[in-house]
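# sequence and predicted structure below; questions after.
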Amino acid sequence: MADLITYREAVAEGIAREMRRDPSVVCLGEDIGEAGGVFKTTVGLLKEFGAERVWDTPISEQAIVGAAMGAAMTGMRPVAEIMFSDFLACCWDYLANEIPKVRYMTGGQVTVPLVVRTANGGGLGFGAQHSQATENWALTVPGLKIAAPATPADVIGMMAAAIRSDDPVVFFEHKGLLAGKGAPPPPEHVVELGRAAVVREGADVTLVALASMVPVALKAASLLSQEGIDVEVVDLRSLIPLDTATVLASLAKTSRLVTVEENPYQGGWGATLVSVVADEGFGLLDAPVRRVAGECVPLPFADALEEQVIPTVEKLVAALRSLAAY
Amino acid sequence: MTTADELLALYEQMILIRRTEKAAHDLFMSGLVKGTTHLAAGHEAIAVGASAALDPDDYVFATYRGHHHAMARGATPEECLAELMSRATGLCRAKGGSMHLTKAATHMLGSYAIVGAHLPMAVGAAWSARLRGTGQLAVAFFGDGATNIGAFHEALNLAAVWKLPVLFVCENNLYMEYTPIADVTAVARPAADRAPAYGIPGEVVDGNDVVAVREAVAALARRARAGEGPALLEAETYRHFGHSRADPATYRPAEEVERWLKHDPLDLARGRLLELGMPEERVTAADERARHVVEQAVEAAKNAPPPDPREALTDVWADGGAAWRT
């Protein structure tokens, strides 16, 4: 194996590792076979596993996710790709009404072990309908697990956990991270869903980030260390289960909390996290909490406009600096 | 060829459903069933005839008007009525209600209340059966109204492209809720006329004739099991009650109601039984057995306990729990 692999390669590698160990894992989606995926995240799967396990579909998001659900209910572990996370809206019935509810409303009779993978997020100039960070859509629905890895090793480890999970998982692959590189993890690397990672230790402020905002958070922390502000960065990695324990433990040390979210401020995951902290960690805080999140507008096309909407290192540094001085 | 004894067994299943539906109606009117019901009285021959043509391990997916399908696949009147009456002994442990009757143990994989959503699931179950090489069939039953929703079309196309062993059975009762289906559909046969667009057979059958339904489904099932792909069957029928709850269905012309009530699936079967030389007392005895079973079921359901309140926080996840955070 190469010294470093890209996040993009890690997606295919993560799926391939599970397909090798479990014959019930099958993939379906638009352009995932011969084409290797629009984002080249399924390259090599058709060649290695053949057409009985890697299925190209029509542009039919409801059929893709609905068929994945039917297959998951009857003994398979399907991995369905929705090309852009914006398109989840085309099959939202399955993610809002069917998949997360069928186990509950049948009194536990049915299990739905499936993964819906999707390319998520902005910063690439794709405009309003191909750029959204939509993890928070899924966060509104009890019954879905939500994974959003930031590194190639986490992509592989969390893909293993997601595919092995007997619960449905929505797996967000960030488009802005696809070219990023990291060390490949060892065989049998599994990152349990619901385990946040403290990716930089610090004593002054806890900064909680997800997916593409993790490198932004690390850069901001690095800049502030030159000013003597010591930022602890927590990569949540999953939104459900939400690792509030790791965040509260960090706050016990720092007493200050900032979240950095790519999604719009309205309805963002940070609001849920902050409400838990307000309820259970109020006594730990020495300052107000601060959420740095996307502006509440559709994503614009031009770079000069998009960087006004998605949190930048500069905006984050300013927020952290003011909170550290509080 | 259906023998007199076979037909008597089908008749008894149908009258059991009819009496259960009548009991459900009376229990709703007396306030013992809350929420809503969508009764299938009048539709019995479709569920019973189709079920008689299927193997025990074939998959069935139904709609919110689905009591007859649950019962045709082995759910008892007591399990169904207890569910409707919010009892702990209900089919879904009182977590589903009338619209979500499910008996996964006999592969009746659910009743779904978002119109058309289960058609792609049936496609997925058929895909799974093919991948596992089991020879199983999947059947989706749906109303005429579902033929105008996107999931219907996505499901038919995908099933045809992948040549899957799935049958689509439309219960055309002439009304999508309160509106004549003909007023809102571009073709005369809402289901069958759409089949040619997907290159699959689209047949029409008298949905009140249990023998005709059984034979039509058997022929299409043989074809599908032989690898010749999906098919669609439009079964013409009529509701004996309104759309839901206490709807008196006054939007239906009296002459039309009268004509259809004279074409009752139970009367048709009874007439044919007598023609085949079945002694009338055996038919009456079957009727009496059904009456007794349903009376006992109503009493048992009335006397069953309500669910343990702690049940509300179970069955979200495969581990049986509902924890969303650490």
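Nice, I can see it. Residues are numbered from 1 along each chain as shown, chains lettered A, B, ... in the order given.
# once you drop chain neighbours, what's closest to the residue nearest to the spatial centre of chain B?
By CA atoms, centre = their mean, chain B has its centre lying nearest to residue B:69, at 3.3 Å. Of all residues not flanking residue B:69 in the chain, residue B:62 sits nearest, at 3.8 Å (CB to CB, 6 or more residues apart in numbering or on different chains). All C-beta atoms are positioned from the backbone trio N, CA, C, and that covers glycine.
# list the contacts of residue 143.
Using chain A here. A:99, A:100, A:101, A:103, A:104, A:167, A:168, B:316, B:317 (CB atoms under 8 Å, 6 or more residues apart in numbering or on different chains).
# I was after chain B.
B:63, B:65, B:115, B:170, B:171, B:172, B:173, B:176 are the contacts of residue B:143 under CB under 8 Å, 6+ apart.
# so what's it bridging to?
residue B:171 (DSSP bridges).
# how close does it get to residue B:169?
Separation of residue B:143 from residue B:169 (CB to CB, to the nearest Å) stands at 10 Å.
# next one: residue B:286
25 Å.
# more crowded one of those two?
Between residue B:286 and residue B:169, counting by other CB atoms under 10 Å in any protein chain shown, residue B:169 is the more crowded of the two (28 against 21).
# looking at this, the residue nearest to residue B:69 is in a strand?
Yes. The assignment for residue B:62 by DSSP: H, G, I helix; E, B strand; the rest coil puts it in a strand.
# mind pulling the model confidence for residue 188?
Since no chain was named, I'll use chain A. In this prediction, residue A:188 carries a pLDDT score of 96.
# ah, no, chain B please
On pLDDT, residue B:188 comes in at 98.
# repeat for residue A:1
With respect to pLDDT, residue A:1 scores 51.
# if we ignore the residues flanking it in sequence, what's nearest the residue of the stretch 151-300 of chain A found nearest chain B?
Closest contact between the stretch 151-300 of chain A and chain B, by CB to the nearest CB, is at residue A:166 (3.5 Å). Excluding the flanking residues, the one nearest residue A:166 by CB to CB, 6+ apart is residue B:318, at 3.5 Å.
# contacting residues for the one you found?
A:103, A:111, A:113, A:165, A:166, A:167.
# of the residues you listed, keep whichever come out buried.
Applying 16 or more other CB atoms under 10 Å in any protein chain shown to the contacts of residue B:318, the neighbour count classes A:103, A:111, A:113, A:165, A:167 as buried.
# what two of those residues have the greatest distance between them?
The most widely separated members of these are A:103 and A:165, with 12.6 Å between them, by CB to CB.
# related to what we said a few turns ago, reformat the contacts of residue B:143 as a markdown table; add pLDDT.
Written out in a markdown table, the entries for the contacts of residue B:143 read as follows (pLDDT from 0 to 100):
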| residue | pLDDT |
| --- | --- |
| B:63 | 98 |
| B:65 | 97 |
| B:115 | 98 |
| B:170 | 98 |
| B:171 | 98 |
| B:172 | 98 |
| B:173 | 98 |
| B:176 | 96 |
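# neighbour count for the residues you listed - can I get that in a markdown table?
Output for these, formatted as a markdown table (neighbours: other CB atoms under 10 Å in any protein chain shown):
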| residue | neighbour count |
| --- | --- |
| B:63 | 25 |
| B:65 | 24 |
| B:115 | 21 |
| B:170 | 30 |
| B:171 | 29 |
| B:172 | 24 |
| B:173 | 24 |
| B:176 | 22 |
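# circling back to that earlier point, helix, strand, or coil at the residue nearest to residue A:166?
Per three-state DSSP, residue B:318 ends up coil.
# quick check, pLDDT for it.
Residue B:318 is given a pLDDT of 98.
# now do the same contact list for residue A:299.
With CB under 8 Å, 6+ apart, residue A:299 has these contacts: A:122, A:126, A:127, A:128, A:131, A:132, A:306, A:309, A:310.
# contacting residues for the second one?
Contact partners of residue A:126, counting by CB under 8 Å, 6+ apart, are A:84, A:175, A:299.
# mind redoing it with 10 Å?
Residue A:126 sits next to A:84, A:86, A:119, A:132, A:175, A:299, A:301, A:306 when contact means CB atoms under 10 Å, 6 or more residues apart in numbering or on different chains.
# which residues of chain B fall in strands?
B:59-63, B:108-112, B:138-143, B:166-172, B:175-176, B:179-180, B:202-206, B:231-236 (DSSP state E).
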